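Asker: just need the structure, nothing else, for what follows:
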Amino acid sequence: MKFYHIADVHLGAVPDRGRPYSEQRRQDIWDTFRDMIHLAVREQPDCLFVCGDLFHRQPLKRELKEVDYLFSLIPDTRVFLMAGNHDFAGEGSAYRRFSWSPNVFFFSQEKLSAVSLELFQETARRSGIRHLTVYGHSYQKREYREALYDRVCPLEKEGVHVLMAHGGDASHIPMDYGKIASGGFDYVAMGHIHRPAIWQGGKLMPVGVDGVSASTSMTGNRTMPPGTRAESAAGMAGDRMMKAGVRAENVTEMSGNLTMRSEGYSELGISENLRHTTGAAFVDSCMAYAGAPEPLEVNDVGAHGFIKGEISIDPRTGDHRTRVEFVPVARRTYVSVEIPVTASTTGLELEDRVRRLTGGKATISQQDQERLLSVDPIHAEQHAGGYVGQKPDSQRYRGMDREVQVASGYLYRIVLTGERDPQWEPNVDRLLALENVADVTDYTRPAWDWEALSRQYQGQLIGRFLAEYEGRELSPAEQLSRTYGLEALLTARGGEI
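Answerer: Predicted structure coming up:
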């Protein structure tokens, strides 16, 4: 059984509001969502799990119609949808009144519920799976402080069990990831955290930022023959035993309302590619945060996309196996770039340097190019020709035997460092107005001639203050303390800084 797992699309959001490119970013989010659906049209996954915050706020009916149109393009893919903390399905929500296409199931209840259905014969033949049970619910208010998922186990049904979850912090359904991962589900599809992460080796590993490679596959298994009772699965996991009564209080079984077309369904033929894994680790049940397909604010650094996976059952042993892969699709990527300044740097010079770096109008210096590549190794091949900015590029992922073309551009977090002329300060507002600049942090310090200042103010308050720092090597904190102290004293006496 092949699936897509997406979350936190945040349709309607306007990242970096007020920047010259912010309205384009709003459209980027819609376009990237459409790209994922168009990819599903070609690849024909059996299921699409949308794990909350599809919208940035309460959706309008016309927006739901746009989304439903896209879902209707994949009639042979079962779409499971839940509302998160941003687009919660509260009183008066358009979610509650909307009629979805036949292949879409919306978890409208606040309480965790389950829907079971039979898979296509072709899927059953290929994967050994005939029955699928999906568990989910929808937020109906902004916050839930109860740990709703930690004590949930699958119902006593044969086949594959998938839990859809949204949360992970103190205000939005706190999670004990170890308990959830060992709960007996074949896959736990999570949303709310905007950076992708995959459960590996007993912990969540971030994708692409000092963690799992963006092109890696992960595997997990659940050695659980069809029909095994949930209590036994919990015992095998080793964390705790779950009684049927406890489980029944947390999961309500629902009848499925999905009707599917079977004509035109074809095998995807990507199993061989997924067998080749990089850094794979087996876990009791595979679990991941898909992350936001597009970065939504300056701290959303690194790769962004969705999770693609496959679940199968060995017909000889009954072992369940889940394999997942992260697929980068984002049009934009936030990167932090450190730009050092010196006492000779001028304001116009700094603006030109930032403009060349961020606008894609010219080839940047070798030093700046190496600095940029060092902070963004995932997309380093994009810069092989020295071109930066919004140039389209080819990003590859290994789940298919072809390349996917992804238009990608960079939004820059500029960090200014070094010692500058004491009579000049960088104009942060002007730098923020430049193309593709998302944020500017000024860590520069005045390049004072400390010996000359000590001589100039000898015997005065400033001279005595500077004498406290003489005769030893200063730590970075002491250097800052000396700089800030001098500036405060000069300001207090009306001197020029």
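
Asker: what about the helices in this structure?
Answerer: Using DSSP state H, the helices assigned to the chain run over residues 22-43, 61-72, 121-127, 177-181, 230-237, 244-250, 271-275, 347-358, 366-375, 428-432, 450-456, 461-467, 476-492.

Asker: got JSON lines for these, with distance to Phe80, mean pLDDT and mean neighbour count too?
Answerer: For glycine as for every other residue, the C-beta is placed from the backbone atoms N, C-alpha and C. Shown next, in JSON lines, are the helices of the chain (distance: least, Cβ to Cβ, whole Å; pLDDT from 0 to 100; neighbours: other Cβ atoms under 10 Å):
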{"stretch": "helix 22-43", "distance to Phe80": "13", "mean pLDDT": "96", "mean neighbour count": "17"}
{"stretch": "helix 61-72", "distance to Phe80": "11", "mean pLDDT": "98", "mean neighbour count": "15"}
{"stretch": "helix 121-127", "distance to Phe80": "15", "mean pLDDT": "72", "mean neighbour count": "16"}
{"stretch": "helix 177-181", "distance to Phe80": "18", "mean pLDDT": "93", "mean neighbour count": "19"}
{"stretch": "helix 230-237", "distance to Phe80": "20", "mean pLDDT": "30", "mean neighbour count": "19"}
{"stretch": "helix 244-250", "distance to Phe80": "18", "mean pLDDT": "33", "mean neighbour count": "14"}
{"stretch": "helix 271-275", "distance to Phe80": "22", "mean pLDDT": "24", "mean neighbour count": "14"}
{"stretch": "helix 347-358", "distance to Phe80": "40", "mean pLDDT": "92", "mean neighbour count": "17"}
{"stretch": "helix 366-375", "distance to Phe80": "37", "mean pLDDT": "49", "mean neighbour count": "14"}
{"stretch": "helix 428-432", "distance to Phe80": "41", "mean pLDDT": "94", "mean neighbour count": "15"}
{"stretch": "helix 450-456", "distance to Phe80": "65", "mean pLDDT": "92", "mean neighbour count": "13"}
{"stretch": "helix 461-467", "distance to Phe80": "66", "mean pLDDT": "94", "mean neighbour count": "15"}
{"stretch": "helix 476-492", "distance to Phe80": "51", "mean pLDDT": "89", "mean neighbour count": "14"}
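
Asker: between those helices, which gets nearest to Ile311?
Answerer: helix 121-127 (6.8 Å; Cβ to Cβ).

Asker: show the pLDDT at Gly409.
Answerer: What the model reports as pLDDT for Gly409 is 85.

Asker: what about it, how many residues nearby?
Answerer: As a burial measure, Gly409 scores 20 neighbours (other Cβ atoms under 10 Å).

Asker: who's it bridged to?
Answerer: Arg332 (DSSP bridges).

Asker: if we can go back for a sec, out of the helices of the chain, which is closest to Phe88?
Answerer: helix 61-72 (14.4 Å).

Asker: elements contacting that closest one?
Answerer: On a contact count with 3 or more Cβ pairs under 8 Å, 6 or more residues apart in numbering; DSSP states H and E, helix 61-72 meets helix 22-43.

Asker: kindly reformat the helices of the chain as JSON lines containing distance to Ile193.
Answerer: Output for these, formatted as JSON lines (distance: least, Cβ to Cβ, whole Å):
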{"stretch": "helix 22-43", "distance to Ile193": "17"}
{"stretch": "helix 61-72", "distance to Ile193": "22"}
{"stretch": "helix 121-127", "distance to Ile193": "29"}
{"stretch": "helix 177-181", "distance to Ile193": "11"}
{"stretch": "helix 230-237", "distance to Ile193": "23"}
{"stretch": "helix 244-250", "distance to Ile193": "22"}
{"stretch": "helix 271-275", "distance to Ile193": "24"}
{"stretch": "helix 347-358", "distance to Ile193": "28"}
{"stretch": "helix 366-375", "distance to Ile193": "22"}
{"stretch": "helix 428-432", "distance to Ile193": "28"}
{"stretch": "helix 450-456", "distance to Ile193": "47"}
{"stretch": "helix 461-467", "distance to Ile193": "47"}
{"stretch": "helix 476-492", "distance to Ile193": "32"}
